[in-house]
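Engineer: Fold the following, please.
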Amino acid sequence: MHYVAITSEGKEDGVPLKDELEAAVYDIVRASWAKRNGYLVPEPSDLQLGNDAVNLRAAVLYADLQDSTKLVDTQLNTTAAEVYKSYMVCAARIIKNEGGSVTAYDGDRIMGVFLGDTKSDAAAKSALRINWALGAIVNPYLKRIYGESAYQAKHVIGVDMSNILACRIGVRNDNDLVWIGRAANYAAKLSAINENFPVYITGDVFDELVSAKYGGQARQLMWEQRTWTNMNFMRLYRSNWTWSL
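Structural biologist: Numbering: from 1, shown residues only. Take a look at the predicted model:
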């Protein structure tokens, strides 16, 4: 059963806004798209609010702090904020250092986009270096300040590669870019896997790896192949390696 809120004047509440929303959706669905290939990560100002988009071939990284509900439930808000800020500043600077662009901070997650011929290597190396930073910098410093009982953060990082579409969403004076395509969606889903491994990449990313495939003195393969049963038995790889700075 559908219920409609009625104002004291006997009219549907917000009819003018309803008309505005219908017109906006009609314009979006009916308007043709202006699409162009891009070789740089665009800024919101590079795109119009209408159906304007940039096609990119990109590797997308999502890094997600795990158990953030436990963090906010068991720690002071200021302590939780310190964990968030410490992790995000390390992740963001590593992404940028590897040539990527930070495109979103989404609560306890950060998104990075990498372009060019070495995009998969750069994204995978960033993931392994963020994994190193959590274990070598963030958590040890929390212990140094708060003692042995200090909260110890965990994370999962996902990386995928595909064609993606960058377009601008929102309204005037309140808008941002959105990334449409498999890589953005799958990287986010990979970062939600909880199997005690901190880094996951898809088979497409692994197949492009050159410098980020082997590590250590003996040049060992850093990735273990798995099957992503929840995603049509897709081939993926996981790792618990770190890449120090």
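Engineer: can you give me the helices for the protein?
Structural biologist: When secondary structure is read from DSSP state H, the chain shows helices at 15-30, 68-74, 77-97, 119-133, 139-146, 182-190, 203-208.
Engineer: Please identify the most buried of these.
Structural biologist: Here the criterion is mean neighbour count by mean count of other Cβ atoms under 10 Å, and of the helices of the chain the winner is helix 119-133, at a mean of 25. C-betas here are computed from N, CA, C, even on glycine.
Engineer: for the chain, what's the longest strand?
Structural biologist: As assigned by DSSP state E, the longest strand anywhere in the chain is strand 155-171.
Engineer: in that strand, what counts as buried?
Structural biologist: Taking 16 or more other Cβ atoms under 10 Å as the neighbour-count basis, strand 155-171 is seen to contain the buried residues 155-162, 164-168.
Engineer: Can you check what angle separates it from helix 182-190?
Structural biologist: For strand 155-171 against helix 182-190, the angle between stretch directions is 130 degrees (axes from the mean of the first three to the mean of the last three Cα atoms, to 10 degrees).
Engineer: In its sheet, which strands sit next to strand 155-171, and in what direction?
Structural biologist: Strands that pair with strand 155-171, judged by DSSP bridges, come out as strand 52-65 (antiparallel), strand 174-180 (antiparallel), strand 199-202 (parallel).
Engineer: show me the contacts for Arg129.
Structural biologist: Ile94, Glu98, Thr242, Trp243, Ser244, Leu245 (Cβ atoms under 8 Å, 6 or more residues apart in numbering).
Engineer: want to throw those into a markdown table with distance to Ala218 and pLDDT?
Structural biologist: As requested, the contacts of Arg129 are exported to a markdown table (distance: Cβ to Cβ, whole Å; pLDDT from 0 to 100):
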| residue | distance to Ala218 | pLDDT |
| --- | --- | --- |
| Ile94 | 25 | 98 |
| Glu98 | 24 | 98 |
| Thr242 | 16 | 98 |
| Trp243 | 16 | 98 |
| Ser244 | 17 | 97 |
| Leu245 | 22 | 94 |
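Engineer: which of the residues you listed are buried?
Structural biologist: By the neighbour-count criterion of 16+ other Cβ under 10 Å, the contacts of Arg129 include these buried positions: Ile94, Glu98, Thr242, Trp243.
Engineer: Among these, find me the one that's closest to Thr74.
Structural biologist: Within the set of those, Thr242 lies nearest Thr74; the separation is 26.3 Å, counting by Cβ to Cβ.
Engineer: Least confident secondary structure element in this protein?
Structural biologist: Within the chain, confidence by mean pLDDT, DSSP states H and E is lowest for helix 15-30 among all helices and strands, at a mean of 90.
Engineer: now it against strand 155-171, angle please.
Structural biologist: 110 degrees.
Engineer: circling back to that earlier point, including distance to Val205, could the contacts of Arg129 go into CSV?
Structural biologist: Written out in CSV, the entries for the contacts of Arg129 read as follows (distance: Cβ to Cβ, whole Å):
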residue, distance to Val205
Ile94, 17
Glu98, 14
Thr242, 18
Trp243, 15
Ser244, 21
Leu245, 22
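Engineer: ok so, going back, could you give the mean pLDDT of the longest strand of the chain?
Structural biologist: When pLDDT is averaged over strand 155-171, the result is 96.
Engineer: Pull that strand out as CSV, backbone CA atoms only.
Structural biologist: What follows is the C-alpha trace of strand 155-171 in CSV, where atoms were taken according to Å, rounded to 0.1, in the frame of the first residue of the first chain:
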residue,chain,number,x,y,z
HIS,A,155,42.3,-3.2,6.6
VAL,A,156,41.6,-4.8,3.3
ILE,A,157,42.6,-3.3,-0.1
GLY,A,158,41.1,-4.2,-3.5
VAL,A,159,42.4,-3.4,-6.9
ASP,A,160,40.8,-4.0,-10.3
MET,A,161,41.4,-2.6,-13.8
SER,A,162,38.9,-1.9,-16.6
ASN,A,163,37.5,0.9,-18.7
ILE,A,164,35.6,3.4,-16.5
LEU,A,165,33.5,6.4,-17.1
ALA,A,166,34.0,9.6,-15.1
CYS,A,167,31.1,11.9,-14.9
ARG,A,168,29.9,14.7,-12.6
ILE,A,169,26.9,14.2,-10.4
GLY,A,170,24.9,16.4,-8.0
VAL,A,171,23.5,19.9,-8.2
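Engineer: Fine by me, we can end here.
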